[in-house]
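Undergrad: Predicted structure and sequence below. I'll ask about it afterward.
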Amino acid sequence: MTFTRFVEVGRVALVNYGPETGKLCTIIDVVDQTRALIDGPTKLTGVSRQIITLKRLSLTDIKVKIGLNARQKSLEKAWAKGDVVAKWAATSWAKKIAAKKKRASLNDFGRFKMAAAKRKRNAAVKAKVGSA
């Protein structure tokens, strides 16, 4: 299997470290072998234009068609045209992150209900496997 996620202009990435952790961004320019210029767009993702090391980015399969050093306005249009937010929300990666956030925000009663539902589900699976 060949590698398909390249560091390139227009590649959508997820910031995995720093103050913007968990936010999507777009690679606007490749500065050198270890750094890239990224931009949100700020209105949609909250990430402002900055240089960031590639170690702090996780590349996604999503790519938008933009020019080198694209402005904020053209980046927003490209995101709207490519329907990036909906594509990201449909991925299993985004769903897993959302589930983690939801579980982390549960209170004590919510965790109890979750454990009770898990016990009930496991009992149903065990009964079904035992009868088959």
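TA: That came in fine, so what should we check first?
Undergrad: Low-confidence regions, this protein specifically.
TA: Low-confidence segments of the chain, defined by pLDDT under 70, are located at 132.
Undergrad: how about the strands in it?
TA: For the chain, strands defined by DSSP state E occupy the ranges 11-15, 24-30, 35-39, 50-53, 57-63.
Undergrad: isn't Trp93 right up against Thr60?
TA: Yes: between Trp93 and Thr60 a contact is recorded at 7.4 Å, counting by CB atoms under 8 Å. All C-beta spots, glycine's among them, are computed from the backbone N, C-alpha and C.
Undergrad: Tell me the residues that contact both of these two, please.
TA: Leu14 (CB atoms under 8 Å, 6 or more residues apart in numbering).
Undergrad: For these two, indicate the residue with more neighbours.
TA: When Trp93 and Thr60 are compared for neighbours, Thr60 comes out ahead with 18 against 13, by other CB atoms under 10 Å.
Undergrad: residues in contact with the more buried one?
TA: The neighbourhood of Thr60, defined by CB under 8 Å, 6+ apart, consists of Arg5, Arg11, Val12, Ala13, Leu14, Leu24, Trp88, Thr91, Trp93.
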